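*Asks:* Can you look at this prediction? I've put the sequence above it.
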Amino acid sequence: MGGELHYLEARQQQGGQAQNPTQSLSQTQSGSTVSGSQSQNASSTSASFLSIPQSAPAGLLTITQPPQQSTSYFKVAQNQFITFGWNFSYILATPTHLTVSAVCENGNTYPVGPTDGVIPGTATSVVWDAYTYQTSHPNLPLAQAKYTLKIWGDGGPDAVREPGVLTPNSALQFALYTPQAYTPINSGWSCAGCSSAVSQHIAHPTFIALIATLMVMFISGSALLRRI
(Lines give C-alpha, C1' and ligand atoms only; values in the text may rest on other atoms or scores of the structure.)
Protein backbone atom coordinates (compact mmCIF):
# COMPACT_ATOMS: atom_id res chain seq x y z
CA MET A 1 0.00 0.00 0.00
CA GLY A 2 2.83 2.38 0.86
CA GLY A 3 4.54 1.66 -2.45
CA GLU A 4 1.43 2.49 -4.48
CA LEU A 5 0.94 5.78 -2.48
CA HIS A 6 4.49 6.90 -3.20
CA TYR A 7 3.93 6.07 -6.91
CA LEU A 8 0.78 8.25 -7.05
CA GLU A 9 2.47 11.14 -5.30
CA ALA A 10 5.45 10.97 -7.66
CA ARG A 11 3.16 11.06 -10.75
CA GLN A 12 1.19 14.04 -9.33
CA GLN A 13 4.38 15.97 -8.62
CA GLN A 14 5.49 15.47 -12.26
CA GLY A 15 2.17 17.04 -13.39
CA GLY A 16 1.05 13.80 -14.94
CA GLN A 17 -1.88 11.58 -14.28
CA ALA A 18 -1.39 8.49 -12.25
CA GLN A 19 -1.47 5.25 -14.18
CA ASN A 20 -1.56 1.81 -12.80
CA PRO A 21 1.48 -0.28 -13.90
CA THR A 22 -0.88 -3.10 -14.83
CA GLN A 23 -2.85 -0.79 -17.15
CA SER A 24 0.37 0.46 -18.71
CA LEU A 25 1.50 -3.09 -19.43
CA SER A 26 -1.92 -3.93 -20.89
CA GLN A 27 -1.82 -0.93 -23.23
CA THR A 28 1.71 -1.81 -24.29
CA GLN A 29 0.67 -5.34 -25.14
CA SER A 30 -2.41 -4.06 -26.96
CA GLY A 31 -0.32 -1.63 -28.95
CA SER A 32 2.04 -4.44 -29.90
CA THR A 33 -0.93 -6.56 -31.02
CA VAL A 34 -2.34 -3.75 -33.20
CA SER A 35 1.06 -3.06 -34.67
CA GLY A 36 1.57 -6.76 -35.43
CA SER A 37 -1.88 -7.02 -37.01
CA GLN A 38 -1.22 -4.01 -39.22
CA SER A 39 2.11 -5.49 -40.23
CA GLN A 40 0.48 -8.81 -41.17
CA ASN A 41 -2.22 -7.03 -43.20
CA ALA A 42 0.38 -5.02 -45.04
CA SER A 43 2.38 -8.17 -45.75
CA SER A 44 -0.73 -10.01 -46.97
CA THR A 45 -1.69 -7.10 -49.23
CA SER A 46 1.76 -6.90 -50.79
CA ALA A 47 1.81 -10.70 -51.32
CA SER A 48 -1.56 -10.74 -53.10
CA PHE A 49 -0.66 -7.87 -55.41
CA LEU A 50 0.65 -9.02 -58.80
CA SER A 51 2.58 -6.58 -60.92
CA ILE A 52 2.71 -7.43 -64.65
CA PRO A 53 5.00 -5.28 -66.81
CA GLN A 54 3.31 -3.75 -69.84
CA SER A 55 6.13 -5.07 -72.01
CA ALA A 56 5.17 -8.70 -71.24
CA PRO A 57 3.58 -10.66 -74.13
CA ALA A 58 -0.07 -11.69 -74.00
CA GLY A 59 -0.82 -15.11 -72.59
CA LEU A 60 -1.44 -17.77 -75.22
CA LEU A 61 -3.13 -21.17 -75.42
CA THR A 62 -1.99 -23.58 -78.15
CA ILE A 63 -4.02 -26.67 -79.14
CA THR A 64 -1.93 -29.87 -79.11
CA GLN A 65 -4.68 -32.49 -79.53
CA PRO A 66 -6.05 -33.18 -82.07
CA PRO A 67 -3.55 -31.96 -84.70
CA GLN A 68 -4.64 -28.82 -86.54
CA GLN A 69 -3.13 -29.69 -89.91
CA SER A 70 -6.46 -31.13 -91.08
CA THR A 71 -10.04 -31.34 -89.87
CA SER A 72 -10.64 -34.16 -87.39
CA TYR A 73 -13.88 -36.15 -87.63
CA PHE A 74 -15.28 -37.59 -84.39
CA LYS A 75 -17.99 -40.22 -84.11
CA VAL A 76 -20.87 -39.59 -81.72
CA ALA A 77 -21.32 -43.08 -80.29
CA GLN A 78 -21.30 -44.87 -76.98
CA ASN A 79 -17.83 -45.10 -75.34
CA GLN A 80 -16.35 -42.86 -78.02
CA PHE A 81 -14.66 -40.11 -75.99
CA ILE A 82 -13.20 -36.96 -77.53
CA THR A 83 -10.06 -35.49 -75.97
CA PHE A 84 -8.89 -31.93 -76.51
CA GLY A 85 -5.45 -30.92 -75.23
CA TRP A 86 -3.45 -27.69 -75.09
CA ASN A 87 -0.53 -25.91 -73.42
CA PHE A 88 0.04 -22.38 -72.15
CA SER A 89 2.65 -19.74 -72.94
CA TYR A 90 3.45 -16.38 -71.29
CA ILE A 91 0.75 -16.80 -68.61
CA LEU A 92 1.60 -14.55 -65.62
CA ALA A 93 -1.93 -14.27 -64.18
CA THR A 94 -3.34 -17.80 -63.93
CA PRO A 95 -7.10 -17.82 -64.61
CA THR A 96 -9.36 -19.19 -61.89
CA HIS A 97 -11.27 -21.26 -64.46
CA LEU A 98 -11.51 -22.04 -68.17
CA THR A 99 -14.67 -22.28 -70.26
CA VAL A 100 -14.66 -24.73 -73.19
CA SER A 101 -17.43 -24.63 -75.81
CA ALA A 102 -18.13 -26.15 -79.22
CA VAL A 103 -19.76 -23.66 -81.58
CA CYS A 104 -21.58 -25.34 -84.48
CA GLU A 105 -21.76 -23.81 -87.94
CA ASN A 106 -25.55 -23.73 -87.47
CA GLY A 107 -25.10 -21.21 -84.64
CA ASN A 108 -25.71 -23.49 -81.66
CA THR A 109 -23.19 -23.57 -78.80
CA TYR A 110 -22.55 -26.69 -76.70
CA PRO A 111 -20.56 -27.02 -73.43
CA VAL A 112 -17.57 -29.35 -73.70
CA GLY A 113 -16.62 -31.61 -70.81
CA PRO A 114 -18.27 -33.27 -67.82
CA THR A 115 -18.81 -30.02 -65.84
CA ASP A 116 -20.86 -27.97 -68.32
CA GLY A 117 -17.73 -26.65 -69.98
CA VAL A 118 -16.20 -25.00 -66.89
CA ILE A 119 -12.88 -26.53 -65.72
CA PRO A 120 -9.97 -25.41 -63.47
CA GLY A 121 -7.77 -22.63 -64.82
CA THR A 122 -4.67 -24.83 -64.73
CA ALA A 123 -6.21 -27.70 -66.77
CA THR A 124 -4.41 -28.66 -69.99
CA SER A 125 -7.00 -31.07 -71.41
CA VAL A 126 -10.67 -32.00 -71.31
CA VAL A 127 -12.49 -35.22 -72.22
CA TRP A 128 -15.90 -34.90 -73.85
CA ASP A 129 -18.48 -37.69 -73.91
CA ALA A 130 -20.51 -36.38 -76.83
CA TYR A 131 -22.78 -39.42 -76.87
CA THR A 132 -23.85 -38.90 -73.25
CA TYR A 133 -24.48 -35.24 -73.95
CA GLN A 134 -26.52 -36.18 -77.01
CA THR A 135 -28.77 -38.59 -75.12
CA SER A 136 -29.15 -36.19 -72.17
CA HIS A 137 -30.16 -33.18 -74.29
CA PRO A 138 -32.74 -34.34 -76.86
CA ASN A 139 -34.02 -30.76 -77.26
CA LEU A 140 -30.61 -29.54 -78.46
CA PRO A 141 -28.95 -32.46 -80.23
CA LEU A 142 -25.48 -32.32 -81.73
CA ALA A 143 -25.69 -31.74 -85.46
CA GLN A 144 -23.63 -33.64 -88.01
CA ALA A 145 -21.58 -30.62 -89.02
CA LYS A 146 -18.39 -28.68 -88.43
CA TYR A 147 -17.60 -27.04 -85.10
CA THR A 148 -15.18 -24.47 -83.71
CA LEU A 149 -13.65 -25.17 -80.31
CA LYS A 150 -13.52 -22.03 -78.15
CA ILE A 151 -11.58 -21.71 -74.88
CA TRP A 152 -11.41 -18.60 -72.71
CA GLY A 153 -10.52 -17.55 -69.18
CA ASP A 154 -11.88 -15.11 -66.62
CA GLY A 155 -12.11 -12.27 -69.14
CA GLY A 156 -14.78 -13.99 -71.26
CA PRO A 157 -14.86 -15.08 -74.93
CA ASP A 158 -14.28 -11.56 -76.25
CA ALA A 159 -11.44 -10.52 -73.92
CA VAL A 160 -8.81 -8.27 -75.51
CA ARG A 161 -5.09 -9.12 -75.49
CA GLU A 162 -3.38 -8.13 -72.25
CA PRO A 163 0.18 -8.71 -71.00
CA GLY A 164 0.45 -12.00 -69.15
CA VAL A 165 -3.31 -12.70 -69.32
CA LEU A 166 -4.86 -15.60 -71.27
CA THR A 167 -6.10 -14.66 -74.73
CA PRO A 168 -9.24 -16.57 -75.92
CA ASN A 169 -8.52 -19.32 -78.45
CA SER A 170 -10.77 -20.42 -81.33
CA ALA A 171 -8.22 -21.92 -83.72
CA LEU A 172 -9.43 -25.54 -83.78
CA GLN A 173 -12.13 -26.80 -86.13
CA PHE A 174 -13.52 -30.33 -86.07
CA ALA A 175 -16.56 -32.27 -87.27
CA LEU A 176 -19.04 -34.66 -85.68
CA TYR A 177 -20.97 -37.45 -87.36
CA THR A 178 -23.47 -40.07 -86.19
CA PRO A 179 -23.12 -43.61 -87.62
CA GLN A 180 -26.20 -45.28 -89.06
CA ALA A 181 -27.69 -48.28 -87.29
CA TYR A 182 -26.80 -51.73 -88.72
CA THR A 183 -29.45 -53.27 -91.01
CA PRO A 184 -29.15 -56.98 -91.98
CA ILE A 185 -29.31 -57.76 -95.71
CA ASN A 186 -32.01 -60.41 -95.22
CA SER A 187 -34.30 -57.74 -93.75
CA GLY A 188 -34.92 -56.33 -97.22
CA TRP A 189 -32.05 -53.85 -97.37
CA SER A 190 -30.88 -52.84 -100.82
CA CYS A 191 -28.10 -50.60 -102.02
CA ALA A 192 -29.91 -47.77 -103.74
CA GLY A 193 -26.67 -46.10 -104.63
CA CYS A 194 -25.31 -49.25 -106.22
CA SER A 195 -28.39 -49.68 -108.45
CA SER A 196 -28.22 -46.05 -109.43
CA ALA A 197 -24.55 -46.37 -110.32
CA VAL A 198 -25.21 -49.37 -112.58
CA SER A 199 -28.05 -47.54 -114.34
CA GLN A 200 -25.81 -44.54 -114.95
CA HIS A 201 -23.08 -46.72 -116.48
CA ILE A 202 -25.54 -48.50 -118.77
CA ALA A 203 -26.98 -45.20 -120.01
CA HIS A 204 -23.56 -43.68 -120.59
CA PRO A 205 -22.74 -43.09 -124.34
CA THR A 206 -19.29 -44.67 -123.99
CA PHE A 207 -20.80 -47.86 -122.63
CA ILE A 208 -23.32 -48.01 -125.48
CA ALA A 209 -20.57 -47.47 -128.06
CA LEU A 210 -18.47 -50.24 -126.52
CA ILE A 211 -21.37 -52.70 -126.66
CA ALA A 212 -22.07 -51.77 -130.30
CA THR A 213 -18.40 -52.27 -131.22
CA LEU A 214 -18.31 -55.70 -129.61
CA MET A 215 -21.47 -56.72 -131.45
CA VAL A 216 -20.04 -55.62 -134.83
CA MET A 217 -16.82 -57.54 -134.16
CA PHE A 218 -18.80 -60.66 -133.19
CA ILE A 219 -21.01 -60.52 -136.29
CA SER A 220 -18.03 -59.86 -138.60
CA GLY A 221 -16.12 -62.77 -137.10
CA SER A 222 -19.05 -65.11 -137.49
CA ALA A 223 -19.44 -64.18 -141.20
CA LEU A 224 -15.71 -64.72 -141.76
CA LEU A 225 -15.81 -68.15 -140.17
CA ARG A 226 -18.73 -69.21 -142.41
CA ARG A 227 -16.76 -68.35 -145.57
CA ILE A 228 -13.94 -70.55 -144.43
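*Replies:* In hand now; what should we look at?

*Asks:* Only C-alpha atoms from now on, for both contacts and neighbour counts.
*Replies:* Will do.

*Asks:* Just the endpoints, please. Distance across stretch 102-121?
*Replies:* Start-to-end span of stretch 102-121 (Cα to Cα, to the nearest Å) is 18 Å.

*Asks:* Stretch 103-123 too?
*Replies:* Its start and end residues considered, stretch 103-123 measures 20 Å (Cα to Cα).

*Asks:* Contacts for that stretch next, please.
*Replies:* Outside of stretch 103-123, the residues within contact range by Cα atoms under 8 Å, 6 or more residues apart in numbering are 94-102, 126-129, 143, 145-150, 153.

*Asks:* Average the pLDDT values over it and round to the nearest integer.
*Replies:* In this model, stretch 103-123 has an average pLDDT of 96.

*Asks:* buried sites along that stretch?
*Replies:* Val103, Cys104, Thr109, Tyr110, Pro111, Val112, Gly113, Gly117, Val118, Ile119, Gly121 (16 or more other Cα atoms under 10 Å).

*Asks:* ranges for the strands of the chain?
*Replies:* Assigned by DSSP state E, the strands in the chain fall at 60-65, 72-75, 82-89, 97-104, 109-111, 118-120, 125-128, 146-152, 169-177.

*Asks:* And the buried residues of stretch 103-123, which is closest to Ile219?
*Replies:* Checking those against Ile219 with Cα to Cα, the nearest one is Cys104 at 62.6 Å.

*Asks:* From Leu149, how far out is the closest one?
*Replies:* According to Cα to Cα, Cys104 and Leu149 sit 9 Å apart.

*Asks:* re the thing from before, list buried members of the contacts of stretch 103-123 by neighbour count.
*Replies:* Among the contacts of stretch 103-123, those buried by neighbour count (16+ other Cα under 10 Å) are 95, 98-102, 126, 128-129, 143, 146-150, 153.

*Asks:* Distance check, Gln134 against Tyr110.
*Replies:* With distances taken as Cα to Cα, Gln134 is found 10 Å from Tyr110.

*Asks:* In this protein, where is pLDDT below threshold?
*Replies:* Applying pLDDT under 70 to the chain picks out residues 1-49, 185, 188-204, 223-228.

*Asks:* Can you list phi and psi of Ser70 for me?
*Replies:* The phi/psi pair for Ser70 (degrees, to the nearest 10) reads phi -150, psi 160.

*Asks:* how many other residues sit next to it?
*Replies:* A count of nearby residues for Ser70, using other Cα atoms under 10 Å, gives 10.

*Asks:* again with Ser170
*Replies:* So Ser170, with other Cα under 10 Å, has 19 neighbours.

*Asks:* so how far is Val118 from it?
*Replies:* Noted for Ser170: a distance of 16 Å to Val118, by Cα to Cα.

*Asks:* Same check on Thr135?
*Replies:* In this structure, Thr135 and Val118 are 20 Å apart, going by Cα to Cα.

*Asks:* ditto for Ala145
*Replies:* To Val118, Ala145 is 23 Å away according to Cα to Cα.

*Asks:* Tyr73 too?
*Replies:* Between Tyr73 and Val118 the distance is 24 Å, computed by Cα to Cα.

*Asks:* Repeat that for Pro57.
*Replies:* Going from Pro57 to Val118 by Cα to Cα gives 25 Å.
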